[in-house]
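J.: how would this look folded up:
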Amino acid sequence: MLRLARRGVSLVGQRPAPRQLRHAGSCMRMLCTSANPQAGPPRDAVGSSAPKKVLLHSCCAPCSGAMIEEMAQAGHDVTIFFYNPNIHPRAEYEIRKAENKRYAEQLGIPFVDCDYDADEFHRRSRGLEFEPERGRRCSMCFDMRMDVTAAHAKAGGFDCFTTTNATSRWKDMRQVNASGLQAAAKHGFRPYYWVYDWQTEGMTRRKYRINADQRFYKQEYCGCSYSLRDSNAYRKAQGIPPVRIGGEQAGMGSRYYEDPEADAAEESQAVVDSFFTSDASCFGGNRLYEGRRKQEAGAAAPEEDGQLTEKNNW
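T.: Take a look at the predicted model:
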């Protein structure tokens, strides 16, 4: 198993006491605790001439494994940043955070635990409660998390930041990247946002292999209360048992990742497409999902996103 122990990073059992880092998020102030306050040596991103220091926003352990491995093999200095106030209920949030923290400690890399701040997420969700997945509510959620990630990266002297949300078949990579680019633009693209195709077949296969090796907890929905609601509506229409939070028994399939092929099949593109085209969402059928599906490979981004990408180009 890959290990990332390096100068300036304390391993399990040797970590310094957390320090408090206060920085401004969008419309709020956040309080985060860092397991490793020391800045590492300069590193770089894949395809660059020199390694750089990367702040990786992580939504969960299963989405982070292959990304961390890819970055580390290229020589990057990776720090995991866990800021996900959207996850509901709190029990599910704590499970996902614990899995992510366990993986970081196993690899010997820093893990920054940011505030839960669920009240702020729900305040921003007002009026968007019945938006479909990949709609405006999801953009708000990505914006909120990327703004705070970018602010922490700026304060911590990171060269760039990115997010594990870009690895998931359930997410529109262009929508995720748009939020990252907007957040980077607020700081003059220093740090810049790392735009990269994390959804290749090779990366996806590696993700499920690592997940099975680690026997990660298998969450059954994106994370927010609205996603939980929509997932259960879809399951009911399909005759599938509802989502179960925690415990050893999942609502559907295995509770933990154990078989890479079977796990990948549960989240296949066909399964994802079925969810997004199903009338079981209760929001008026397919009409609301038009234009919100994952973009086709090679599809051009909107002009404003392309302009941001160009400015962001390091």
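
J.: Now do the contacts for Gly251.
T.: Counting by Cβ atoms under 8 Å, 6 or more residues apart in numbering, Gly251 makes contact with Glu220, Arg235, Ile240, Pro241, Pro242, Val243, Arg244. All C-beta spots, glycine's among them, are computed from the backbone N, C-alpha and C.

J.: In those, which has the lowest confidence score?
T.: In terms of pLDDT, the weakest of those is Arg235, which scores 90.

J.: my guess is that one meets Arg244, correct?
T.: No: in this structure Arg235 lies outside contact range of Arg244 using Cβ atoms under 8 Å: 11.0 Å.

J.: From the contacts of Gly251, list just the buried residues.
T.: Glu220, Arg235, Val243 (16 or more other Cβ atoms under 10 Å).

J.: Closest one to Lys154 out of the residues you listed, please.
T.: Glu220 (34.9 Å; Cβ to Cβ).

J.: residue contacts, that closest one?
T.: Contacts of Glu220 by Cβ under 8 Å, 6+ apart are Ser231, Val243, Arg244, Ala250, Gly251, Met252.

J.: Out of these, which two sit at the greatest distance?
T.: Greatest spatial distance among the contacts of Glu220 (Cβ to Cβ): Ser231 and Ala250, at 12.3 Å.

J.: ok, back up a step: among the buried ones among the contacts of Gly251, which are in helices?
T.: Arg235 (DSSP state H).

J.: Tabulate the buried ones among the contacts of Gly251 (TSV), appending distance to Tyr83.
T.: Compiled in TSV, the buried ones among the contacts of Gly251 are given as follows (distance: Cβ to Cβ, whole Å):
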residue	distance to Tyr83
Glu220	22
Arg235	28
Val243	23
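
J.: What segments of the stretch 1-150 of the chain are strands?
T.: For the stretch 1-150 of the chain, applying DSSP state E, counting those that start in this stretch gives strands covering 19-25, 28-34, 53-57, 77-82, 111-114.

J.: worst average pLDDT in the ones you listed?
T.: Least confidently modelled of the strands of the stretch 1-150 of the chain is strand 19-25, at a mean of 32 by mean pLDDT.
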